[in-house]
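Q: no sequence for this one, just the structure:
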């Protein structure tokens, strides 16, 4: 599958989009139009774990199951397969990250984008700016 015209969607964007109580909710809805230009919207298995955990805590498991999962399918968000080589690279590189705000999942997101040739990541996490510069990936926020 071709990923060159794709955007990796971080959990911060999806949580903001689906949780009206989030401080970035309005911005997430506005950004939806910017994402139309991409052929694929994608998430990693780790991002899915974050989304499921955070949203089921905020909106409840039943709402998550009934509303959010259906909406994710409607948005045609592609869940990328777990790649052991990217996971191992993340483990190695994470040991050298000095910024305490960059999580293992954040680093894995950027390494996945690089590996798959994904050109952009949408996120509201402020520390993604540093990773976007370092890995030369467009940051949409």
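A: That came through fine. Predicted, not measured: the structure shown is a model, and the values here were computed from it.
Q: and the closest residue to residue 38 other than its chain neighbours, which of the three is it?
A: Using Cβ to Cβ, 6 or more residues apart in numbering and skipping residues adjacent in sequence, the residue nearest residue 38 is residue 7, 4.4 Å away. From N, CA and C alone the C-beta is placed, and that goes for glycine too. Under DSSP: H, G, I helix; E, B strand; the rest coil, the three-state class of residue 7 is strand.
Q: Look up the pLDDT of the spatially most central residue of the chain for me, please.
A: Central residue of the chain (Cα atoms, centre = their mean): residue 10, 1.7 Å from the mean position. Note on residue 10: pLDDT of 95.
Q: That one against residue 47, yeah?
A: Yes: look at residue 10 against residue 47 with Cβ atoms under 8 Å: they come within range, at 6.4 Å.
Q: what do those two both touch?
A: Counting by Cβ atoms under 8 Å, 6 or more residues apart in numbering, the contacts common to residue 10 and residue 47 are residue 109.
Q: State the distance from the residue in the chain sticking out farthest from the centre to residue 49.
A: Distance from the C-alpha centroid of the chain peaks at residue 62, with 22.6 Å (Cα atoms, centre = their mean). Relative to residue 49, residue 62 is positioned 19 Å away (Cβ to Cβ, to the nearest Å).
Q: Grab the nearest non-local neighbour of residue 125.
A: Leaving out its chain neighbours, the residue that sits closest to residue 125 by Cβ to Cβ, 6+ apart is residue 12, at 5.1 Å.
Q: for residue 121, same thing?
A: Nearest residue to residue 121, sequence neighbours excluded (Cβ to Cβ, 6+ apart): residue 8, at 4.6 Å.
Q: Let me know how buried that neighbour is, in neighbour terms.
A: 28 (other Cβ atoms under 10 Å).
Q: which residues does it bridge with?
A: residue 42, residue 121 (DSSP bridges).
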